[in-house]
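Trainee: just a sequence and a predicted model for now, questions to come.
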Amino acid sequence: MALCDTHIIDWQDFRSLLIEEIARWDNTLDHELDWSYYHCWLIALERTLTNNQLLSKQEIDGLLETFEGRPDGHDH
């Protein structure tokens, strides 16, 4: 990850949160969501960014809303 390579976030911090998110999903009895490594990865990244005060939850939500509003074929 570029954020780790450039020392913006610490790999071990991110890794710990990723392990925690995977465990949280695994310990969910009803498994509302199908298994998705990417979903766990994304939550861990969001938590890492907010924990390090790089982005707020509101900023992340705003970026997501902008991204989701793009027309089909412009998602890269």
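Mentor: Noted; the coordinates are in hand.
Trainee: how long is stretch 46-55 from one end to the other?
Mentor: 8 Å (Cα to Cα, to the nearest Å).
Trainee: use 55 as the first number for this chain going forward.
Mentor: Sounds good: first residue 55 from here, last item stretch 100-109.
Trainee: which residues are contacting that stretch?
Mentor: Among residues not part of stretch 100-109, those counted as contacts by Cβ atoms under 8 Å, 6 or more residues apart in numbering are 62-63, 67-68, 71, 75, 110-111, 114, 117. All C-beta atoms are positioned from the backbone trio N, CA, C, and that covers glycine.
Trainee: please repeat the previous calculation with a cut-off of 10 Å.
Mentor: Contacting residues not belonging to stretch 100-109 are listed as 55, 57-58, 62-65, 67-72, 74-75, 110-118 [Cβ atoms under 10 Å, 6 or more residues apart in numbering].
Trainee: contact partners for the residue nearest in space to the middle of the chain?
Mentor: Centrality entry for the chain: nearest residue to the mean C-alpha point is L96, 2.2 Å, by Cα atoms, centre = their mean. Counting by Cβ under 10 Å, 6+ apart, L96 touches 72, 75, 90, 114, 118.
Trainee: which of those are buried?
Mentor: Using 16 or more other Cβ atoms under 10 Å as the burial test, those include 72, 75, 114 as buried.
Trainee: out of those, who's nearest G123?
Mentor: Of all the buried ones among the contacts of L96, G123 sits closest to I114, with 15.0 Å by Cβ to Cβ.
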